[in-house]
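Asks: Provided below for reference: sequence and predicted model.
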Amino acid sequence: MPVTRFEITQRRPLAGGRAFGEVGAYEELKGRLRLAIDPQHSANRAITDVALAPRTQPGASRSRRTSRSVCPSIGHGSQAGSSWTS
């Protein structure tokens, strides 16, 4: 599912800005993901009622969901590390 937009609604340091090893501090991003899918694609047929969803002019079906990501803070040492999204 391609993400067409990510709106950040909250950005804050994780664990009060405490550093985690060589990676450094992490931050939490909360927001809304906007997605577009092709209801005709075989990978999307398992989605309940996808055939009934409204479509845009090119035929894509759009949806949105809330998201929470944890990732290394930009500008705080190394940017290598892990991120986590739910």
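Replies: Perfect, I can see it now.
Asks: give me the below-cutoff pLDDT ranges for the chain.
Replies: Scanning the chain for pLDDT under 70 picks out 1, 75-86.
Asks: kindly list the longest strand within it.
Replies: Across the chain, the longest stretch assigned as strand under DSSP state E is strand 24-37.
Asks: in that one, what counts as buried?
Replies: 24, 25, 26, 27, 29, 31, 33, 36, 37 (16 or more other Cβ atoms under 10 Å). The way it works is simple: take the backbone N, C-alpha and C, and place the C-beta from them, glycine included.
Asks: who's in contact with the residue lying closest to the fourth one once chain neighbours are set aside?
Replies: The shortest distance from residue 27 to any residue other than its chain neighbours is 4.7 Å, reached at residue 73 (Cβ to Cβ, 6 or more residues apart in numbering). Under the criterion of Cβ atoms under 8 Å, 6 or more residues apart in numbering, the contact partners of residue 73 comprise 13, 17, 24, 25, 26, 27.
Asks: next, format the residues you listed as a markdown table and append distance to residue 60.
Replies: Output for the contacts of residue 73, formatted as a markdown table (distance: Cβ to Cβ, whole Å):
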| residue | distance to residue 60 |
| --- | --- |
| 13 | 36 |
| 17 | 40 |
| 24 | 39 |
| 25 | 38 |
| 26 | 34 |
| 27 | 31 |
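Asks: of those, closest to residue 2?
Replies: Closest to residue 2 out of the contacts of residue 73 is residue 27 (24.6 Å), distances taken as Cβ to Cβ.
Asks: write down the beta-bridge partners of that closest one, one by one.
Replies: Going by DSSP bridges, residue 27 is paired in beta bridges with residue 13, residue 71.
Asks: how close does it sit to residue 59?
Replies: With distances taken as Cβ to Cβ, to the nearest Å, residue 27 is found 37 Å from residue 59.
Asks: right, I'll leave it there.
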